[in-house]
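Sequence and predicted structure are below.
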Amino acid sequence: MNKIPLLGTGLNGLVGSKFTADFADKYDFDNMDLRNPLRPVDITNEKQVRSVLTASEAKFVVHMAAFTDVTGAWQQTDDENGACYKVNVKGTENLVKICAETGKHLIYLSTAYVFDGEKKERYVETDKTNPIEWYGKTKALAEEAIQNSNIDWTILRIDQPFRNDAFEKVDTLHRVIDGMKSGKLYPQFGDHHFGPTYINDFVKVIDFVIRQKMTGLYHASSGESWTDFEFAKAINETLSLNFDVKEGSLAKYLETSNRPYQKNTALSIDKIKGSLDFEMGSIEEAVKETIV
Ligand SMILES: NC(=O)c1ccc[n+]([C@@H]2O[C@H](COP(=O)([O-])OP(=O)(O)OC[C@H]3O[C@@H](n4cnc5c(N)ncnc54)[C@H](OP(=O)(O)O)[C@@H]3O)[C@@H](O)[C@H]2O)c1
């Protein structure tokens, strides 16, 4: 089978590297990455992005590159010359502009941090964005740039992604496992709700979007809502780690922290779930697949 040419950014990252590994037989990946020794691409450099997109036959660009260090981003608040704004906003604007010039479809990975976290239920796609910190703000600005363009676009919002194997960047699942193994896991918030995303399943959603040429804004986590405390307990029991998980409080923590935290980032995936042609597993099943 001839492989399908596919352009991507951030394909060396936590999510991207799983996508390229699982779909290596299907797609001929061309990664626009700073680390590519033969052809380094900085997405903040419009000329470099134009040169790659113009020369490529790929119809889709899967855009996963981002400044993802949320605390580092917070330290750059309001700094439009900072790396976070440049990569997340300017980089995305460059991709939008050149996708318009070259007629390519942009698939953008976004985050539940575009919301303020004050909602009690899971967020739906029609909920108003209202980021409370700089990373979320820059991701929301990037979403706006995409939505205000005339290109074919898909935005997939996820939350707290994790995969079944350990990766250089420690994910939500492995942070808990590592904490338990070292005996240093902090008490886990019982009043912080999030919507874990199992990357092994999520990469199939990206493939689905490409296969169906699906456009629009979608939430694509697991659709479940967990507290940190419940999640840690499930990991402890499922993987028999024999750790005494203690419950902590985000509300208490916020009394001493300057950095804002969203209290709830769980996402409803009802919009996308009905159209998928494969089953997304539960988070409980996902934890069972962990390679320890
Ligand atoms: N991880 C999360 O908790 C989370 C949650 C919700 C949404 N998301 C979104 O999901 C996407 C993927 O996240 P991730 O955790 O997989 O990311 P990641 O592991 O932090 O990787 C980010 C990638 O972006 C690349 N990059 C950074 N600046 C660049 C630039 N100027 N030009 C080209 N490439 C650049 C990095 O390249 P190098 O490797 O060369 O530095 C890296 O490969 C991001 O859009 C993120 O906002 C992530």
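Structure's in. What do you need?

Show the pLDDT at the residue lying closest to residue 290 once chain neighbours are set aside.
Excluding the flanking residues, the one nearest residue 290 by Cβ to Cβ, 6 or more residues apart in numbering is residue 164, at 5.3 Å. In short, each C-beta sits where N, CA and C put it, glycine included. pLDDT for residue 164: 97.

so where do the helices sit in this structure?
14-22, 46-55, 70-74, 83-85, 91-102, 134-147, 172-182, 199-212, 228-238, 250-254, 270-273, 283-288 (DSSP state H).

With mean pLDDT, mean neighbour count and distance to the ligand as extra columns, can I get those in a markdown table?
Shown next, in a markdown table, are those (pLDDT from 0 to 100; neighbours: other Cβ atoms under 10 Å; distance: least, Cβ to the nearest ligand atom, whole Å):
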| stretch | mean pLDDT | mean neighbour count | distance to the ligand |
| --- | --- | --- | --- |
| helix 14-22 | 98 | 19 | 4 |
| helix 46-55 | 98 | 16 | 9 |
| helix 70-74 | 97 | 16 | 8 |
| helix 83-85 | 98 | 21 | 8 |
| helix 91-102 | 98 | 21 | 6 |
| helix 134-147 | 98 | 22 | 6 |
| helix 172-182 | 97 | 18 | 7 |
| helix 199-212 | 98 | 19 | 8 |
| helix 228-238 | 98 | 20 | 14 |
| helix 250-254 | 96 | 15 | 17 |
| helix 270-273 | 96 | 16 | 15 |
| helix 283-288 | 97 | 18 | 15 |
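
so can I have a markdown table of those showing distance to residue 192?
A markdown table is the format used below for those (distance: least, Cβ to Cβ, whole Å):
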| stretch | distance to residue 192 |
| --- | --- |
| helix 14-22 | 21 |
| helix 46-55 | 37 |
| helix 70-74 | 14 |
| helix 83-85 | 23 |
| helix 91-102 | 28 |
| helix 134-147 | 15 |
| helix 172-182 | 12 |
| helix 199-212 | 21 |
| helix 228-238 | 5 |
| helix 250-254 | 4 |
| helix 270-273 | 23 |
| helix 283-288 | 16 |
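
between the ones you listed, which gets nearest to residue 63?
For residue 63, the closest of the helices of the chain is helix 91-102, at 5.5 Å, according to Cβ to Cβ.

which residue does the stretch 1-150 of the chain bring closest to the ligand?
As assessed by Cβ to the nearest ligand atom, the ligand sits closest to residue 13 within the stretch 1-150 of the chain, at 2.4 Å.

hang on, that residue packs against residue 64?
Yes. Contact status for residue 13 versus residue 64: in contact at 5.9 Å, counting by Cβ atoms under 8 Å.

Identify the bridge partners of the residue positioned nearest the centre of the chain.
Centroid-nearest residue in the chain, with Cα atoms, centre = their mean: residue 158, separated by 4.9 Å. Beta bridges link residue 158 to residue 111, judged by DSSP bridges.

got the contact list for it?
15, 109, 110, 111, 112, 197, 202, 219, 220, 221, 267 (Cβ atoms under 8 Å, 6 or more residues apart in numbering).

Go again with 7 Å.
109, 111, 197, 202, 220, 221 (Cβ atoms under 7 Å, 6 or more residues apart in numbering).

next one: residue 131
By Cβ under 7 Å, 6+ apart, residue 131 lies in contact with 113, 114, 137, 140.

Not counting sequence-adjacent ones, nearest residue to the third one?
Looking back up the chat, that one is residue 137. Going by Cβ to Cβ, 6+ apart, residue 137 has residue 131 as its nearest residue, at 4.3 Å.
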